[in-house]
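Peer 1: just a sequence and a predicted model for now, questions to come.
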Amino acid sequence: MEESERQKYLQLVTRKLVSLTAASMLILLIIFYVVELVSLERTYLVSYVFLAGLIGGFVSIQQRLPTIGLTELRELSNSWLSILLIPINGGIFAIVLMLMFLSGILEGAMFPKYVHSPIDQQNLVASFVQWLTTTFPKSGADVAKLLFWSFVAGFSERFVPQIIRKTSDNTDSN
């Protein structure tokens, strides 16, 4: 009896997870399309980074489902918010990781390098918007690195918080 109940909850959680992730991706794709039509410039890279983190979070929770206990499965099946929270956190962590790359906090051959446009101190808001639309990885390989690490940030929910903690610890000790 317990195994059939477990399978029922697994299927329910999986359906909810797929539905919520698909709906989130559809909303993001509509936003991409509208931004592209309105701006007539490049789209915001942060949207793609968030999407890669969202997909990483989706894959992560999907892989963990078979090992989750019956009680937790029952709770997950009753809560839309709990199911969506992991992929959304993945998207947010991917954006934080991108900011760490942009700021130079994380550097190295494994991480993407960027081409930055200067920010005009006199016209800060317009300059910042231009910076958002024109700051991109230097090459195709750097775009691939960014999307890979964005997926990892979503997939491994402890990855970005550990980097933040280590960076904070290094700052406190200096």
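Peer 2: Happy to help now that I have it.
Peer 1: report the distance from the helix or strand bottoming out on mean pLDDT in the chain to the chain centre.
Peer 2: In the chain, no helix or strand scores lower on mean pLDDT, DSSP states H and E than helix 124-134, which sits at a mean of 77. On the basis of CA atoms, centre = their mean, to the nearest Å, helix 124-134 sits 22 Å off its chain's mean C-alpha point.
Peer 1: helices or strands up against it?
Peer 2: Applying 3 or more CB pairs under 8 Å, 6 or more residues apart in numbering; DSSP states H and E, one finds that helix 124-134 makes contact with no other helix or strand. Every residue, glycine included, has its C-beta placed from N, CA and C.
Peer 1: buried residues in that helix?
Peer 2: Buried residues in helix 124-134, counting neighbours by 16 or more other CB atoms under 10 Å, are found at Gln130, Thr133.
Peer 1: next structured bit after it?
Peer 2: Downstream of helix 124-134, the next assigned helix or strand under DSSP states H and E is strand 136-137.
Peer 1: and that next one, what's its mean pLDDT?
Peer 2: For strand 136-137, the mean pLDDT works out to 88.
Peer 1: partner strands of it and their direction?
Peer 2: For strand 136-137, the paired strands and their directions (DSSP bridges) read strand 114-115 (antiparallel).
Peer 1: quick one: pLDDT of Asn174?
Peer 2: Looking at Asn174, its pLDDT reads 60.
Peer 1: nope, Leu102 is what I was after
Peer 2: pLDDT, Leu102: 88.
Peer 1: contacting residues around stretch 72-84?
Peer 2: With CB atoms under 8 Å, 6 or more residues apart in numbering as the test, stretch 72-84 has contacts from Arg6, Tyr9, Leu10, Leu12, Val13, Lys16, Leu17, Leu20, Ser24, Ile61, Leu65, Ile68.
Peer 1: tally of neighbours for Asn170?
Peer 2: By other CB atoms under 10 Å, 10 other residues sit near Asn170.
Peer 1: of the contacts of stretch 72-84, which belong to strands?
Peer 2: Residues of the contacts of stretch 72-84 located in strands (DSSP state E): none.
Peer 1: and which of these is nearest Leu99?
Peer 2: The closest of the contacts of stretch 72-84 to Leu99 turns out to be Ser24 (CB to CB; 21.0 Å).
Peer 1: what about the helices in the chain?
Peer 2: Secondary structure of the chain (DSSP state H): helices at 2-39, 45-64, 70-77, 80-103, 124-134, 140-155, 159-173.
Peer 1: quick one: which of the contacts of stretch 72-84 is nearest Leu106?
Peer 2: Nearest to Leu106 among those: Ile61, at 25.3 Å, using CB to CB.
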